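# Everything below, folded, please.
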Amino acid sequence: MTIHSTHPFADADPDPVRRLRGRLGGAVSLWTAGAGRDRSGLTVTSLMLANGEPAHVLALLDPDADLTERLLETGRGVVQLLSWPDRDLADAFAGTAPAPGGPFRMGAFEETEWGPRLASSGTWAAVSLADSREVGWSLEVTCRLDSLAVGEDDAPLLHRRGRYLRP
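Presented below is the predicted three-dimensional model:
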């Protein structure tokens with residue numbers, strides 16, 4: 001894990017694609033997969049839902065991330081939406097803040113057959129990998145929604161231009 005001293009969406013960044021992506025913003029999700037010592041997680045904001053029978057979630061993942069490797073290995077994962085109090089947890093899983101002992105020690109996680117689920121997350125989905133392909137510098141994954149829980153949305157964790165927004 002590398003903790004960068006620069007802001008990934010700073011206006012001084014010469015890459016216009018990164019600057020545009022930072023302006024899109026959205027809800028912060030935590031993707032987790034694996035079990036026990038072989039579990040991994042990653043915060044993801046580049047995702048969308050496709051309704052249908054079955055419904056799917058599509059996301060752009062870092063192809064070098066441990067989570068991506070674990071999801072491809074197991075074919076299953078958990079996608080949970082984070083809330084405002086989860087800011088430090090989000091930063092730890094993004095690799096932008098230290099997490100002594102690892103980011104899974106920063107919250108209570110329940111083991112499921114799809115992977116670890118953040119106990120405090122009221123909105124989460126158990127997913128199964130349906131497809132993956134390289135898109136630019138990312139890996140696009142398409143996952144079938146196997147199980148879904150939609151809880152209260154009083155304080156969602158939103159991210160825009162490199163900053164968390166309070167709703």
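
# how about the helices in this structure?
Using DSSP state H, the helices of the chain run over 16-24, 66-74, 87-94.

# Thr142 is nearest to which of those helices?
Closest to Thr142 of the helices of the chain, according to Cβ to Cβ: helix 66-74, at 11.5 Å. Heads up, the C-betas are built off the backbone N, CA and C, glycines and all.

# pLDDT weak spots in the chain?
Along the chain, segments meeting pLDDT under 70 span 1-14, 20-22, 24-25.

# Please work out which of the helices of the chain is packed deepest.
helix 87-94 (a mean of 21; mean count of other Cβ atoms under 10 Å).

# Can I get that helix in CSV, CA atoms only?
In CSV, the C-alpha atoms belonging to helix 87-94 read as follows (Å, rounded to 0.1, in the frame of the first residue of the first chain):
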residue,chain,number,x,y,z
ARG,A,87,-14.7,8.3,6.7
ASP,A,88,-11.6,7.0,8.4
LEU,A,89,-12.5,3.4,7.4
ALA,A,90,-12.9,4.6,3.8
ASP,A,91,-9.5,6.2,3.7
ALA,A,92,-7.9,3.2,5.2
PHE,A,93,-9.4,0.8,2.6
ALA,A,94,-8.4,3.4,-0.1
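
# before we move on, back to that, any chance of the helices of the chain in a markdown table, with distance to Arg161 too?
Formatted as a markdown table, the helices of the chain follow (distance: least, Cβ to Cβ, whole Å):
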| stretch | distance to Arg161 |
| --- | --- |
| helix 16-24 | 5 |
| helix 66-74 | 24 |
| helix 87-94 | 15 |
